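Novice: pasting the structure only:
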């Protein structure tokens, strides 16, 4: 039951070993791949790795990370790392923010301070939140994970226990990617505990084993989304096929080669974000390499990939048969460059949908790509939920 303060401090030996491995990289040939159609482009990868070796300062990033209050605890035998920051306002709402893959907790960095201290960012202190940002089991500093079976719906159970442990029997939740799905699970199984949920990826909770919404449900203005979804499942889901079937085999390669790890994660940052093919329009080199270094130093790629396996091999089962499936009040942010987009008509039946906000720009990594728009909309939704 104990909660201990935690400091992010990667040992010098780990950083030294990383540098040696980067310097010893055996590069493959790459040709006719200017548009990344075969996968990660060699020229840009070399540029990024050169910066990793000669320009990137992990200790500087570590200081930024440690400017927040970090803790660790253990729940059901699983180590859980999290940030916990108290809101600066008259009555903050407790809010748990959940990341996805290939994210880390640090992908929420740009929204934490505006949510806890609105006045410092030109907002109203009455919109303040107590913010909790955990690392998913097996991701980043929620390691080492040595127990099988932990996926999004089991993580939702852990989050309820974590929030209770922090003194929040009732709370709000937000998430994208896996974080959106586990947030929806909170709204399904624990609706009475949820002030509301805010998500920016809407999919069925049985997404990996059940059918997608019927295409007839898409409104005329949403018809382009059908083509986009088909393209994603046909051309962009190879990673998922591997990670839902044989994640451990892949782990041997990416736990041993930092460049291999970087290439695997980098491609998703470029393809899934609203960057128009230039990944640095959305992520600086420092931001990209902080992600890579967290995965590398914590040796968490393998267990993060297993999150997919555990979802398919321990499939979601409903906790009730009522409609809507997700009963908690729900707000949805719709980023046009999200990887998949579900029709509003379906969402209005599946969720207790109270807010639907189309965003002018942004993709899969909304808290990093469009933090101001996201914060503004989160505040607007929960403003109506305050006592």
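Specialist: Right, received. Where do you want to start? A quick note: this is a predicted structure, and the numbers were derived from the prediction, not measured.

Novice: all strands of the chain, in order?
Specialist: 3-6, 70-75, 78-85, 93-98, 129-134, 171-175, 194-199, 326-337, 351-363 (DSSP state E).

Novice: list the buried ones in the fourth one?
Specialist: Along strand 93-98, these residues count as buried under the neighbour rule (16 or more other C-beta atoms under 10 Å): 93-98. From N, CA and C alone the C-beta is placed, and that goes for glycine too.

Novice: and the pLDDT at residue 114?
Specialist: Reading off the confidence values, residue 114 has pLDDT 98.

Novice: OK, contacts around it?
Specialist: Contact analysis of residue 114 by C-beta atoms under 8 Å, 6 or more residues apart in numbering lists 120-121, 123, 371-372, 375.

Novice: go on, residue 303?
Specialist: With C-beta under 8 Å, 6+ apart, residue 303 has these contacts: 137-139, 143-145.

Novice: coming back round to it: most neighbours of all the contacts of residue 114, which one?
Specialist: Using other C-beta atoms under 10 Å as the neighbour criterion, residue 375 leads the contacts of residue 114 with 22 neighbours.

Novice: identify the residue nearest residue 65 in space, chain neighbours excluded?
Specialist: residue 8 (5.0 Å; C-beta to C-beta, 6 or more residues apart in numbering).

Novice: repeat that for residue 110.
Specialist: Residue 110's closest residue in space is residue 371 (C-beta to C-beta, 6+ apart), at 3.7 Å.

Novice: mind listing what that neighbour touches?
Specialist: Contacts of residue 371 (C-beta under 8 Å, 6+ apart): 110-111, 114.

Novice: what about it, distance to residue 60?
Specialist: Using C-beta to C-beta, to the nearest Å, residue 371 is found at 20 Å from residue 60.

Novice: ok so, going back, just the closest of the contacts of residue 114 to residue 358, please.
Specialist: residue 372 (16.0 Å; C-beta to C-beta).

Novice: helices of the stretch 51-200 of the chain, start to end?
Specialist: Counting by DSSP state H, counting those that start in this stretch, the stretch 51-200 of the chain has these helices, from start to end: 58-65, 109-116, 152-165, 178-189.

Novice: other residues contacting the first one?
Specialist: Spelled out, it's helix 58-65. Applying C-beta under 8 Å, 6+ apart, the external contacts of helix 58-65 come out as 8-10, 15, 106, 109, 286, 290, 293.

Novice: can you pull the buried residues of that helix?
Specialist: Neighbour-count burial for helix 58-65 [16+ other C-beta under 10 Å]: 58, 61-62, 65.

Novice: which pair in those residues spans the largest distance?
Specialist: Going by C-beta to C-beta, the pair spanning the buried residues of helix 58-65 furthest: 58 and 65, at 9.9 Å.

Novice: quick one: contacts for residue 6?
Specialist: Here residue 6 is in contact with 70-72, 81, 141 (criterion: C-beta under 8 Å, 6+ apart).

Novice: the closest residue to residue 79 other than its chain neighbours: neighbour count?
Specialist: Distances taken as C-beta to C-beta, 6+ apart put residue 142 closest to residue 79, at 5.7 Å, once the chain neighbours are dropped. When neighbours are defined as other C-beta under 10 Å, residue 142 has 27 of them.

Novice: isn't residue 142 right next to residue 81, touching?
Specialist: Yes: look at residue 142 against residue 81 with C-beta atoms under 8 Å: they come within range, at 4.8 Å.

Novice: list the residues that contact both of these two?
Specialist: 134-135.

Novice: can I get the contacts of residue 114 in JSON lines with pLDDT and distance to residue 303?
Specialist: Shown next, in JSON lines, are the contacts of residue 114 (pLDDT from 0 to 100; distance: C-beta to C-beta, whole Å):
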{"residue": "120", "pLDDT": "98", "distance to residue 303": "36"}
{"residue": "121", "pLDDT": "98", "distance to residue 303": "35"}
{"residue": "123", "pLDDT": "98", "distance to residue 303": "37"}
{"residue": "371", "pLDDT": "98", "distance to residue 303": "27"}
{"residue": "372", "pLDDT": "98", "distance to residue 303": "33"}
{"residue": "375", "pLDDT": "98", "distance to residue 303": "30"}
